[in-house]
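> Below are the sequence and a predicted model for it; my questions follow.
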Amino acid sequence: MNILITGANGQVGSELRALAKQYAFLSFDFIDREELDITDEGAVTNYFKKKKFDYCINCAAYTAVDKAEEQADIAMQVNTVGAKNLAKVGAQHGTRLLQLSTDYVYHNEQNTPFIETDATNPQGVYAESKLAGDRTVLNIDPNNMVIRTSWVYSAYGNNFVKTMLRLGKDRDQLTVIFDQIGTPTYAHDLAKAMLDIIQKIEQKEISKSDIGGIYHYSNEGVTSWYDFATAIFRIENINCNVLPIETKDYPTAAKRPHFSLLNKAKIRQVFGLSIPHWEASLQVCLEALKVGKIS
């Protein structure tokens, strides 16, 4: 089985690369923007002519949420057109696409975890571009898989956990938003879940048709950015005072959802996944960073 990984140098792509050796029966091609510009349909077409891919996991994305308000064309090209090109060309070659998406597409006034059929209400260019990508991917082939996730962090790349570790060691006090509620996602767990799903399909434990549609994946549990930060400092014994602030006290170019909990019942039930609690996974990531062992 051949799997194409786009956005290979990002957080999830890097975790997939690290996990690849544990899935010896799978063959991987890891590419980033330098190897393939997914916004160029001709380039994508030529790339798929070189080799047969059974699956493509699209980790490539424009994720600079605030900058997207000023660079709407670029965000739409990567998140919408790029996804469309992979889905369109992939469909011509029998490649099943797994498309990563975001909790930002919901942004509704509700206080129960979102299920996959809930109404969307994207606020801002980033969310709009990702939702357009989701719809395009599924319109081209309903058997493609869209995985919406939230608050991704990893031992790789730039993310909230690494920022807190850096600032917490340099400062005596930090302010962190407490009125945005969701669940962190350890990119390692997300990457493993996708490879486990593919493995179950290829071992005929589940049907390939089961992956079609929208699924949610984050770690289990619920927290705020404030509580997430305090957990990082507590586990690492960092003496930094964290003060809670409201979203209105930290204005940003793009709106963030106040509530974006994702219900993972569907992905657990269909694929038989066991999803770790966010704090357990945070400890794993922090340990990997501490000892220099990148998971």
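Received, thanks. Numbering: from 1, shown residues only.
> Please identify the buried residues of stretch 65-78?
Residues Val65, Ala68, Glu69, Ile74, Ala75, Met76, Gln77, Val78 are the ones in stretch 65-78 that count as buried (16 or more other CB atoms under 10 Å). For every residue, glycine as well, the C-beta is placed using N, CA and C.
> should've said stretch 127-145
Result for stretch 127-145 [16+ other CB under 10 Å]: buried residues 127-138, 140-141, 144-145.
> Narrow those residues to those in strands?
Met145 (DSSP state E).
> of the buried residues of stretch 127-145, closest to Glu220?
Using CB to CB, Met145 is the member of the buried residues of stretch 127-145 that lies nearest Glu220, at 20.6 Å.
> who's in contact with the closest one?
Arg96, Leu97, Leu98, Gln99, Ile211, Gly212, Gly213, Tyr215 (CB atoms under 8 Å, 6 or more residues apart in numbering).
> Could you tell me how far Val105 is located from Asp134?
Applying CB to CB, to the nearest Å, the value for Val105 to Asp134 is 7 Å.
> shared neighbours of the two, which are they?
The contact lists of Val105 and Asp134 share Arg148, where a contact means CB under 8 Å, 6+ apart.
> remind me, longest strand of the chain?
Per DSSP E, the chain has its longest strand at strand 96-102.
> who does that strand pair up with?
Strand 96-102 pairs in its sheet with strand 55-58 (parallel), strand 145-149 (parallel), by DSSP bridges.
> List of residues touching it?
So strand 96-102 is contacted by 12, 54-59, 61, 83, 86-87, 90, 126-127, 130-131, 133-134, 137, 141, 143-150, 194, 208, 211, 214 (CB under 8 Å, 6+ apart).
> change it to 6 Å
55-59, 83, 86-87, 90, 130, 134, 137, 144-148, 194 (CB atoms under 6 Å, 6 or more residues apart in numbering).
> Next: stretch 215-225.
Residues contacting stretch 215-225 (CB under 6 Å, 6+ apart): 147-150, 176-178, 180-181, 183-185, 190, 193, 261-262, 264, 266-267, 275-278, 281.
> Straight-line length of it, end to end?
24 Å (CA to CA, to the nearest Å).
> Report the mean per-residue pLDDT for that stretch.
Regarding stretch 215-225, the rounded mean pLDDT is 98.
> Can you mark which positions in that stretch are buried?
So for stretch 215-225, counting by 16+ other CB under 10 Å, buried means Tyr215, His216, Tyr217, Ser218, Asn219, Glu220, Thr223, Ser224, Trp225.
> circling back: identify the farthest-apart pair in the buried residues of stretch 65-78.
Longest span within the buried residues of stretch 65-78, CB to CB: Val65 and Gln77, 16.2 Å.
> these two touch, right, Gly7 and Leu16?
No - in this structure Gly7 lies outside contact range of Leu16 using CB atoms under 6 Å: 9.5 Å.
> I'd like the distance between the residue of the chain positioned farthest from its centre and Ile181.
Centroid-distance maximum for the chain: Asp172 at 31.5 Å, with CA atoms, centre = their mean. As judged by CB to CB, Asp172 and Ile181 stand 27 Å apart.
> Give me the residues contacting stretch 79-95.
By CB under 6 Å, 6+ apart, the surrounding residues in contact with stretch 79-95 are 38-39, 41, 44-45, 48, 53, 56, 58, 61-62, 97, 99, 129-130, 132-133, 136-137, 140-141, 144.
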